[in-house]
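Participant: sequence unknown, structure follows:
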């Protein structure tokens, strides 16, 4: 019986340690809005996805709504480095336009990630810019 209990505890500990460090809720740093942009990263199958859970003023002005997917197909490539796709939105001539852009997510430490896009587009203002997010919550709280 002791061995069975130890085996169950070991399996639980191993599964917890395999939990991805990106999973959780993240808030954009260095944003002047009173209500900051927040993204929740979760696993679906083999990939990680990010959805908007709180919108800043600029998010709303760009056509975002709560629970919109903004990052998708995120996969670990190296230690502390993930690659994925960012969905960019803007309103142009009264219509919401979207664009898919490759992103790099670098884990700086337990509570900070840096998200970088490597495109240049005169219609989008954040090309080649690194955006920092701080972890505000994880799912075991």
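Facilitator: That came in fine, so what should we check first? Since this is a predicted model, take the numbers as computed values, not measurements.
Participant: helices and strands around the lengthiest strand in the chain, which ones?
Facilitator: When the chain is parsed with DSSP state E, its longest strand is strand 95-109. Secondary-structure packing of strand 95-109 (3 or more CB pairs under 8 Å, 6 or more residues apart in numbering; DSSP states H and E): strand 69-78, strand 81-92, strand 112-117. All C-beta spots, glycine's among them, are computed from the backbone N, C-alpha and C.
Participant: for residue 54, which non-adjacent residue is spatially closest?
Facilitator: Leaving aside its sequence neighbours, residue 54 sits nearest to residue 38 (CB to CB, 6 or more residues apart in numbering; 3.7 Å).
Participant: enumerate every residue touching the one you found.
Facilitator: Contacts for residue 38 were tallied using CB atoms under 8 Å, 6 or more residues apart in numbering; they are 25-28, 52-54, 136.
Participant: thinking again about what came up before, want to throw the helices and strands packed on strand 95-109 into TSV with mean pLDDT?
Facilitator: Below are the helices and strands packed on strand 95-109 laid out as TSV (pLDDT from 0 to 100):
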stretch	mean pLDDT
strand 69-78	95
strand 81-92	92
strand 112-117	92
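Participant: thinking again about what came up before, which of the contacts of residue 38 ranks first by neighbour count?
Facilitator: With neighbours taken as other CB atoms under 10 Å, the top of the contacts of residue 38 is residue 26, carrying 24 neighbours.
Participant: who does the helix or strand hosting that residue pair up with?
Facilitator: According to DSSP states H and E, residue 26 maps onto strand 24-28. Partners of strand 24-28 in the sheet, by DSSP bridges, are strand 38-44 (antiparallel), strand 130-137 (antiparallel).
Participant: now render those as CSV, adding distance to residue 90 and mean pLDDT.
Facilitator: Below are the strands paired with strand 24-28 laid out as CSV (distance: least, CB to CB, whole Å; pLDDT from 0 to 100):
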stretch, distance to residue 90, mean pLDDT
strand 38-44, 18, 96
strand 130-137, 16, 90
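Participant: picking that back up, so which of the contacts of residue 38 is the closest to residue 117?
Facilitator: The closest of the contacts of residue 38 to residue 117 turns out to be residue 28 (CB to CB; 14.0 Å).
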